[in-house]
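Visitor: from the sequence below, what's the structure:
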Amino acid sequence: MSQEKSHISSYQSHVFVLLALLALTAISVAVTTLELGRLDTLVAMLIAATKAAIVLVWFMHLKFDNKLYAIFTVLVLVVFLLVLYVTFFDYSYR
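Guide: Okay, here's the model as predicted:
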């Protein structure tokens, strides 16, 4: 039989995560009213990345899981960011 530890999140942490995600959503909606020029996309992507990180850490339990999963997740995100960089680099010179 395996000796796996299970982690049970409290309601307080779920409420905190909910409030953080709602606040970030409100910020992203508020940012759309501002004229930031070329920074519009960058700000929207940073807010979305922050929200995705919160979901990964809390709802997918990467904070409490094996560190190897976190390393693989970071590697996938680095590859994704490289693809985004190449895409935006190509798009900006057209």
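Visitor: elements contacting the helix or strand harbouring I47?
Guide: For I47, the host element (DSSP states H and E) is helix 39-54. On a contact count with 3 or more CB pairs under 8 Å, 6 or more residues apart in numbering; DSSP states H and E, helix 39-54 meets helix 11-31. In this view, the C-beta of every residue, glycine as well, is placed from N, C-alpha and C.
Visitor: tell me what the helix it packs on is packed against?
Guide: In terms of contacts (3+ CB pairs under 8 Å, 6+ apart), helix 11-31 is packed against helix 39-54.
Visitor: quick one: low-confidence parts of this protein?
Guide: Applying pLDDT under 70 to the chain flags the ranges 1-9.
Visitor: between helix 39-54 and the lengthiest helix in it, find me the angle.
Guide: The single longest helix within the chain, with elements called by DSSP state H, is helix 67-92. If you take axes from the mean of the first three to the mean of the last three CA atoms, to 10 degrees, helix 67-92 sits at 170 degrees to helix 39-54.
Visitor: distance between helix 67-92 and the chain's centre?
Guide: Averaged C-alpha coordinates place helix 67-92 at 12 Å from its chain's average position (CA atoms, centre = their mean, to the nearest Å).
Visitor: my guess is A70 contacts F64. True?
Guide: No. Applying CB atoms under 8 Å as the test, A70 and F64 come out as separate, 10.3 Å apart.
Visitor: L56 reaches D65, doesn't it?
Guide: No. The pair L56 / D65 is not scored as a contact, 10.5 Å apart, by CB under 8 Å.
Visitor: who has more neighbours out of these two?
Guide: Ranked by neighbour count (other CB atoms under 10 Å), L56 and D65 place L56 first, with 17 against 13.
Visitor: what about H61, which helix or strand?
Guide: H61 belongs to no helix or strand when assigned by DSSP H and E.
Visitor: now F64
Guide: F64 belongs to no helix or strand when elements are defined using DSSP H and E.
Visitor: use 16 as the first number from now on
Guide: In the new count, where the first residue is 16, that last one comes out as F79.
Visitor: I appreciate the help and will end here.
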